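Asker: sequence first, predicted model second:
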Amino acid sequence: MDGKKVMLSGIQPSGDLHLGNYLGPLRHWPEMIEEFDCYFFMADLHTITVRQDPAQLRKRTLTQIAQYIACGLDPEKCVLFVQSHVPAHTQLSWVLNCYTMFGELNRMTQFKDKSAKHAENVNAGLFTYPVLMAADILIYQPDFVPVGEDQKQHVEICRDIAERFNGVYGDVFRVPEPYIAKVGARIMSLNTPDTKMSKSLHEGCVFLMEKPEDIMRKFKRAVTDSDTERCVRYAPAEKPGVSNLMQIYAAATGKTYEDIEAEFAGQGYGKFKPAVGEAVAETLRPIREETERLLADKAYLESVYRAGAEKASYAAEKTLRKVYKKVGFIAR
Ligand code: TRP
């Protein structure tokens with residue numbers, strides 16, 4: 001590519017995208033693709049570490065590609081692809097398995113959490129999940145990997161594996177830095193504002209594909225706080241529910257907290273909640289409509305992910321050849 005820094009991110013197509021994803025990282029990706037050479041992929045290989053419904057997985061993967069494009073990720077300006085379309089990820093993952101210690105993987109908090117949650121299916125893929133993720137990353141030699149809190153440990157182990165490998169074979173991998181986004185809101189659940197908005201807390205979560213009337217219903221039922229003041233004021237510690245709604249309203253409209261406080265002064269919460277709902281519905285409407293339009297154009301989506309896989313493979317295979325040579329495999 002053209003000398004810009006390289007950035008990479010994988011997203012598991014295991015659930016529908018929601019407002020927290022959008023107002024957090026996703027909304028800022030279009031700016032990032034101007035600044036960095038970006039790889040974005042649907043991490044379908046990772047999703048099967050827990051059981052998936054095959055038809056659903058296919059549908060979600062395709063929908064997510066469409067949603068990313070609809071959110072402004074121009075496939076001409078970044079590499080958008082499906083992880084399983086680039087076999088070099090799994091090939092590198094095998095090699096890295098042999099440079100990752102059992103004890104290291106055994107300490108991963110996500111493995112402990114997920115094996116507790118899916119006690120009936122503690123499979124080897126769940127255990128080696130971080131190694132595949134390290135391969136996803138290292139194979140593109142990125143400078144940065146954007147991380148949320150929950151993925152920090154995975155980027156750490158990726159760096160450890162890269163350093164260990166480089167220690168034996170010289171500088172094969174670039175050791176990536178975690179990228180902490182400068183901006184990006186942390187949106188909380190609408191009905192339990194002390195927990196992050198998440199698809200598993202369905203009623204407190206607004207999905208990108210949701211219809212305006214459903215969005216309105218969820219906002220009208222949003223939890224406000226049981227304080228006696230009953231006014232719209234930004235105070236996250238005392239008033240987490242109202243403050244979360246203000247954060248959402250600010251992100252959707254570009255207004256400041258002072259603007260919002262002035263707008264709803266002396267009005268209680270009755271007008272405020274539907275106003276937030278309307279602002280969100282309006283923000284999401286063009287994304288939903290564009291996603292639907294793209295999903296109706298399967299040929300276009302196919303052309304996007306095929307071209308993406310081709311560009312990605314080119315870069316990935318270059319790293320893989322280097323690795324194979326270093327460890328002593330005969331070139332084909
Ligand atoms: N594990 C990440 C998640 O669940 C998804 C992922 C897979 C990823 N491979 C990646 C993220 C590589 C960043 C880089 O969110």
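Answerer: The structure has been received and is ready for your questions. Numbers count the residues shown, from 1 in each chain.

Asker: residues near the residue of the stretch 1-150 of the chain found nearest the ligand, how many?
Answerer: In the stretch 1-150 of the chain, the residue that lies nearest the ligand is G10 (2.9 Å; Cβ to the nearest ligand atom). The C-beta positions use only the backbone N, C-alpha and C, and glycine is treated the same way. Per other Cβ atoms under 10 Å, the neighbour tally for G10 reads 20.

Asker: do the same with the one 10 residues further on
Answerer: A total of 22 residues lie near G20 under the criterion other Cβ under 10 Å.

Asker: where do the strands of the stretch 101-250 of the chain begin and end?
Answerer: Applying DSSP state E, counting those that start in this stretch to the stretch 101-250 of the chain gives strands spanning 144-146, 177-179.

Asker: buried sites along the last one?
Answerer: For strand 177-179, the buried set under the neighbour-count rule, 16 or more other Cβ atoms under 10 Å, comprises 178-179.

Asker: pairing partners for that strand, with directions?
Answerer: Sheet pairing of strand 177-179 (DSSP bridges) gives strand 144-146 (parallel).

Asker: contact partners of the partner strand?
Answerer: The contact list for strand 144-146 (Cβ atoms under 8 Å, 6 or more residues apart in numbering) reads 5-9, 25, 32, 36, 137, 155, 158, 176-181.

Asker: now stretch 272-280
Answerer: Residues from elsewhere that reach stretch 272-280 (Cβ under 8 Å, 6+ apart): 19, 206, 215-216, 218-220, 222, 224, 232, 242, 245, 248-249, 252-253, 264.

Asker: what's the ChimeraX syntax to select whichever of these are buried?
Answerer: Buried members of those can be picked out in ChimeraX with the line below, counting by 16+ other Cβ under 10 Å:
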select :19,206,215,216,218,219,222,224,232,242,245,248,249,252,253,264
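
Asker: any stretches of the stretch 151-300 of the chain with poor pLDDT?
Answerer: Applying pLDDT under 70 to the stretch 151-300 of the chain flags the ranges 181-184.

Asker: what do you get for the stretch 1-150 of the chain?
Answerer: The model of the stretch 1-150 of the chain has pLDDT under 70 over residues 1-2.

Asker: flag every residue of it that's near the ligand.
Answerer: Residues of the stretch 1-150 of the chain lying near the ligand by Cβ under 6 Å from any ligand atom: 8-10, 12, 43, 46, 133, 136-137, 145.

Asker: now these as TSV including distance to I65?
Answerer: Below are these laid out as TSV (distance: Cβ to Cβ, whole Å):
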residue	distance to I65
L8	16
S9	14
G10	13
Q12	13
A43	12
H46	16
M133	20
D136	17
I137	20
V145	20
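
Asker: so which of those residues sit within helices?
Answerer: Among those, the subset assigned to helices under DSSP state H consists of 46, 133, 136-137.

Asker: I'd like the distance between H89 and V95.
Answerer: 11 Å (Cβ to Cβ, to the nearest Å).

Asker: near the ligand, which residues of the stretch 151-300 of the chain show up?
Answerer: Close to the ligand, as judged by Cβ under 6 Å from any ligand atom, the stretch 151-300 of the chain has residues 151, 154.

Asker: one more pass at 8 Å, please.
Answerer: Contact residues, the stretch 151-300 of the chain versus the ligand (Cβ under 8 Å from any ligand atom): 151, 154-155.

Asker: sorry, back to before: the residue of the stretch 1-150 of the chain closest to the ligand pairs with what?
Answerer: What pairs with G10, by the bridge criterion (DSSP bridges), is F41.

Asker: need the contact list for it.
Answerer: Neighbouring residues of G10 by Cβ under 8 Å, 6+ apart: 40-43, 46, 83, 133, 136.

Asker: ok, back up a step: among the contacts of strand 144-146, the buried ones, what's the PyMOL command?
Answerer: Of the contacts of strand 144-146, the buried ones go into a single PyMOL selection, burial set by 16+ other Cβ under 10 Å:
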select buried, resi 6+7+8+9+25+32+36+137+155+158+176+178+179
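
Asker: can you give me the distance of D113 to A119?
Answerer: 11 Å.

Asker: quick revisit: looking at the residues of the stretch 151-300 of the chain next to the ligand, which is nearest T100?
Answerer: Lowest distance from T100 to these (Cβ to Cβ) belongs to H154, with 12.0 Å.

Asker: contacting residues for the closest one?
Answerer: 108, 110, 130, 133-134, 147.

Asker: can you flag the buried ones in these?
Answerer: Buried members of these, counted by 16+ other Cβ under 10 Å: 108, 130, 133-134, 147.

Asker: what's the closest non-adjacent residue to R306?
Answerer: Once flanking residues are discounted, R306 sits nearest to H85: 8.0 Å by Cβ to Cβ, 6 or more residues apart in numbering.

Asker: now the one you found: how far from L19?
Answerer: Applying Cβ to Cβ, the value for H85 to L19 is 29 Å.
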